[in-house]
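S.K.: I would like to see how this sequence folds:
(one chain, ligands or ions: 2)
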Amino acid sequence: MAEARQRRSDAESAGDGGWLATLGQRLGKTRARFLEGVARLAPGARKLDEQALDAVETGLLMADVGPTAAARLLERLRARLRDGGGDLRPVLLEELCALLQPVEAAPPGGPGTAGGDDLRLVLLVGVNGSGKTTLAGKLAAYYQQRGARVMLAATDTFRAAAIEQLQRWGERVSVPVLARPAGSDPASVLFDALQAARARGIQLLIADTAGRLHTRADLVNELRKICRIPERFEPAPRVERLMVLDAGIGQNALEQVRGFHAAVGLDGLAINKLDGTARGGVLLALATEFALPVRFLGVGEQLTDLEVFRARDFAAALVEPPEWSDSSRSASTTPAE
Ligand SMILES: Nc1nc2c(ncn2[C@@H]2O[C@H](COP(=O)(O)OP(=O)(O)OP(=O)(O)O)[C@@H](O)[C@H]2O)c(=O)[nH]1
Ligand SMILES: [Mg+2]
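M.R.: Ligands and ions are numbered 1, 2, ... in the order given. So this is what the prediction gives:
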């Protein structure tokens, strides 16, 4: 707990201050669904009781939390009710945190986590349009601002437009981009990029890859080949295979993660487009189903629309709309509130 607080304050002093407000705003659609039933309860009824549990259950399913995560959360809430209940909001917040905490981790790469001058590779994988290239740009900016020497690799050689898109991000962020002509072998591009990164003393190489479905054997084989490239280096760079997901696909995300994890083995997840969807509850489903760390959240199309995932802040953004905490504060009679 103290460690989490410390990291949070580190993040704030590093320039992330106020991001909870942004997350709270951007998760508005998911929260509205999640709390639809709960918010209908009169303020005085915001105790943890059977009626509240019914409302929470509806909210969970409406926000795409999925049956497994919903059942686990309700089970814990029932246990809390048996133990005496209490006010709904703090109990819900605590239990959401407990569910999400295991998938919170320190962000990948960058000084401090990269082990000095060690080269670290973040390989972005996922289906078409999930926001990989955009995330590559955001991550480059994020780590560069924190003092890391960053480079981008245009490992999506499928279309010239994809290479140009990454090059534009590189220009905006003032980060070098290693690119080869469209149609080049992506594994060779990654090899060249790793070589160049080592030669230039780069600390973090972020490789964008082409979108692909895990059901396409040829494309999965290509990705496996890309993933084997770092092993050819001595010493091998530390690699993080980060799967990039569009939160808007809801429960389909589970199938995608299962497929990619089986194909190449994943080290973490990044969940994008949480700003435009009411299905952000899928993050709870992913946390319940897989033990994969959730690293980053994408909350918009701009460079700064990136959040490091923190369990407590995500949970708070789900259950604490500003108007709700205001009214519960004024309606509260307990000194603890
Ligand atoms: N609202 C919103 N839009 C996003 C976010 N991340 C990416 N996008 C948009 O989603 C679209 C696709 O993003 P890309 O980064 O090109 O996705 P990709 O995974 O690289 O796509 P492919 O290379 O075709 O597989 C673009 O219009 C982005 O601006 C996000 O967090 N929120
Ligand atoms: Mg792309």
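S.K.: separation between A148 and G37?
M.R.: 44 Å (Cβ to Cβ, to the nearest Å). Yep, even glycine has a C-beta here, placed from its N, CA and C like the rest.
S.K.: for L242, helix, strand, or coil?
M.R.: strand (DSSP: H, G, I helix; E, B strand; the rest coil).
S.K.: My read is that it contacts A270, right?
M.R.: Yes. Using Cβ atoms under 8 Å, L242 is in contact with A270, at 5.5 Å.
S.K.: Which residues are in contact with each of those two?
M.R.: 124, 295-296 (Cβ atoms under 8 Å, 6 or more residues apart in numbering).
S.K.: Which ones among these lie within strands?
M.R.: Counting by DSSP state E, the shared contacts of L242 and A270 place 124, 295-296 in strands.
S.K.: for those residues, which one is nearest G84?
M.R.: Using Cβ to Cβ, R295 comes nearest to G84 of those, at 36.7 Å.
S.K.: Okay, strands next: where are they in the stretch 1-150 of the chain?
M.R.: Applying DSSP state E, counting those that start in this stretch to the stretch 1-150 of the chain gives strands spanning 120-125, 150-154.
S.K.: Excluding sequence neighbours, find me the nearest residue to the residue of the chain found nearest ligand 1.
M.R.: Residue of the chain nearest ligand 1, by Cβ to the nearest ligand atom: G211 (2.3 Å). In space, and not counting its chain neighbours, G211 is closest to N128: 3.1 Å by Cβ to Cβ, 6 or more residues apart in numbering.
S.K.: which residues touch the one you found?
M.R.: Counting by Cβ under 8 Å, 6+ apart, N128 has contacts 211-213.
S.K.: So what does it look like in phi/psi?
M.R.: As for N128, its main-chain torsions (degrees, to the nearest 10) stand at phi -60, psi 130.
S.K.: any idea of the pLDDT on it?
M.R.: N128 carries a pLDDT score of 96 in this model.
S.K.: For it, give its distance to L254.
M.R.: Distance from N128 to L254, by Cβ to Cβ: 18 Å.
S.K.: on that earlier part again, the ones in strands among the shared contacts of L242 and A270, buried ones only, as a ChimeraX selection?
M.R.: This is how ChimeraX selects the buried members of these, with burial counted by 16 or more other Cβ atoms under 10 Å:
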select :124,295,296
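S.K.: If we check ligand 2, which of the ones in strands among the shared contacts of L242 and A270 are in contact?
M.R.: Here nothing survives when those are matched to ligand 2 using Cβ under 5 Å from the ion.
S.K.: Show the end-to-end separation of stretch 256-274, please.
M.R.: End-to-end span of stretch 256-274 (Cα to Cα, to the nearest Å): 17 Å.
S.K.: same check, this time on stretch 222-239
M.R.: 17 Å.
S.K.: what about that stretch, average pLDDT?
M.R.: Mean predicted confidence for stretch 222-239 is 95.
S.K.: how about it: buried residues?
M.R.: 222-223, 226-227, 229-230, 237-239.
S.K.: and if you look at stretch 174-190?
M.R.: Here stretch 174-190 shows 175-180, 186-187, 189-190 as buried, counting by 16+ other Cβ under 10 Å.
S.K.: And whichever strand or helix holds A316, what does it pack against?
M.R.: Taking DSSP states H and E as the definition, one finds A316 inside helix 311-319. For helix 311-319, the packing partners by 3 or more Cβ pairs under 8 Å, 6 or more residues apart in numbering; DSSP states H and E come out as helix 2-11, helix 19-26, helix 28-40, helix 88-100.
S.K.: what's next to the third one, contact-wise?
M.R.: It refers to helix 28-40. 24, 46, 52, 54-56, 58-60, 62-63, 65, 88, 274, 276-281, 317-319, 321, 324.
S.K.: swap in the last one?
M.R.: Outside helix 88-100, the residues within contact range by Cβ under 8 Å, 6+ apart are 38, 46-48, 52, 56, 69, 72-73, 76-77, 80, 85, 283-284, 287-288, 294, 311-312, 314-316, 318-320, 324-325, 328.
S.K.: what angle sits between that helix and helix 311-319?
M.R.: Using axes from the mean of the first three to the mean of the last three Cα atoms, to 10 degrees, the inter-axis angle of helix 88-100 relative to helix 311-319 is 140 degrees.
S.K.: State the number of residues packed around the one residue in the chain that gets nearest to ligand 2.
M.R.: Going by Cβ to the ion, ligand 2 is nearest to T133 of the chain, at 3.3 Å. Neighbour count for T133, taken as other Cβ atoms under 10 Å: 24.
S.K.: my guess is it meets A154, correct?
M.R.: No. If you go by Cβ under 8 Å, T133 and A154 don't touch, sitting 9.1 Å apart.
S.K.: Please enumerate the shared neighbours of those two.
M.R.: 162, 166, 208.
S.K.: separation between the first one and A287?
M.R.: Read it as A162. For A162, the distance to A287 - Cβ to Cβ - is 31 Å.
S.K.: No further questions, thank you.
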